[in-house]
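> I would like to see how this sequence folds:
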Amino acid sequence: MVFGKIKPVATIVAQFAAGVEVECIQHEGKMYMPVIGGDFDTTDSGKKSEDDAPKKPAPKPSKEEPADEKTYTEDELMGMDVKELTKILKNDFNVNPDDFDGKNTNKKLRKLILDAQENGGDSSDEEDEDEKPAPKKGKSKPAKEEEEPADEDGGDELIDNIADVLEDFDGGKKNKKKAAAAIIALAENEDDVDADAVNEALTEFEDDEAANIDDVAESIAKLLTSKKSKTSAKSKKKPAEPEGEDVEIDDLEKGDLVAVYWDDEETKGWFNGKVSSIKKGIVKVKYDDGSEDELDPEVHTKIRRLEK
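Prediction:
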């Protein structure tokens, strides 16, 4: 309510017909009746009533509802590349994959994402280094003083190349068949490589969640060079010509003790062994030095059955 004064421009006589309702205001014992004309001045007693203007209710602070966090499935993560997975770890979960051992493969990164989702986000700042889960597989980096020199030139390079293939296999970039072919192609002579042994090593690597890529790569590297080393061992140790009955390959039976004459450019001489298997016409002999080879009439020109 506003109080003020008016200055009439003409004599005003307020008349109200009897029986007619007239709007008026009663305040502090005074009755205020409506009049017409004149300027309304509030300079002298310009009091403004607090009840004059309606108060606007203060706006309620809006509550920001947290956005729904994206939940990733393992199948969805398997279809992403390494860069995208790394970005998700850093931006969504505040996890740096470089803090964990091993190369940043798809398998390692998606496991970190799934673990972060399950644990409710980043906990790396609260964990000690010893409590951080190490990835199941990855290249180990031994201290320099623990490193052993390669047995031959290019040995370290061969192991590294095999490890790269294993990482592609572990990350789903290569299936077992392609991984085996890529590994065998690294050998100096692919024909000398035991493909079954390579496939068996890949199967063991796939099944062993705790397998270390460097260790497996080193063992596979030995498979790629084992033929050469075994042949070399034979050339150093040549037993005297044995006594026994000369036989053909087709006459041999599993378990026969034999002496085989090797006649090739690198190896010449007799070597004793035992027929270890006969499958589909292929005869294998396990020699006394621990090596095992198929009998080849062009190389193994003489075979003698020894007395048991």
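
> doesn't residue 217 fall inside a strand?
No. Looking at residue 217 with DSSP: H, G, I helix; E, B strand; the rest coil, it is helix, so not inside a strand.

> how near is it to residue 186?
To residue 186, residue 217 is 10 Å away according to C-beta to C-beta, to the nearest Å. Every residue, glycine included, has its C-beta placed from N, CA and C.

> now for the residue lying closest to residue 95 once chain neighbours are set aside: which residues touch it?
Using C-beta to C-beta, 6 or more residues apart in numbering and skipping the chain neighbours, the partner closest in space to residue 95 is residue 89 (4.5 Å). By C-beta atoms under 8 Å, 6 or more residues apart in numbering, residue 89 lies in contact with 95, 96, 97, 109, 112, 113, 116.

> which of these fall in helices?
Cross-referencing these against helices under DSSP state H gives 109, 112, 113, 116.

> return the member of those residues nearest to residue 265.
Distance ranking of the ones in helices among the contacts of residue 89 against residue 265, using C-beta to C-beta, places residue 109 first at 49.9 Å.

> what about that closest one, neighbour count?
Per other C-beta atoms under 10 Å, the neighbour tally for residue 109 reads 25.

> assign the residue nearest to it when sequence neighbours are not counted to helix, strand or coil.
Computed as C-beta to C-beta, 6+ apart, the closest residue to residue 109 that is not its neighbour in sequence is residue 85, at 3.8 Å. Look at residue 85: counting by three-state DSSP, its state is helix.

> now do the one 5 residues further on
Reducing the assignment to helix, strand or coil with three-state DSSP, the entry for residue 90 is helix.

> check contacts around it.
Residue 90 neighbours (C-beta under 8 Å, 6+ apart): residue 96.

> please shift the residue numbers so they start at 2 in all later answers.
Okay, using 2 as the starting number, the last item reads as residue 91.

> please report how far it lies from residue 72.
Here the criterion is C-beta to C-beta. By it, residue 91 lies 18 Å from residue 72.
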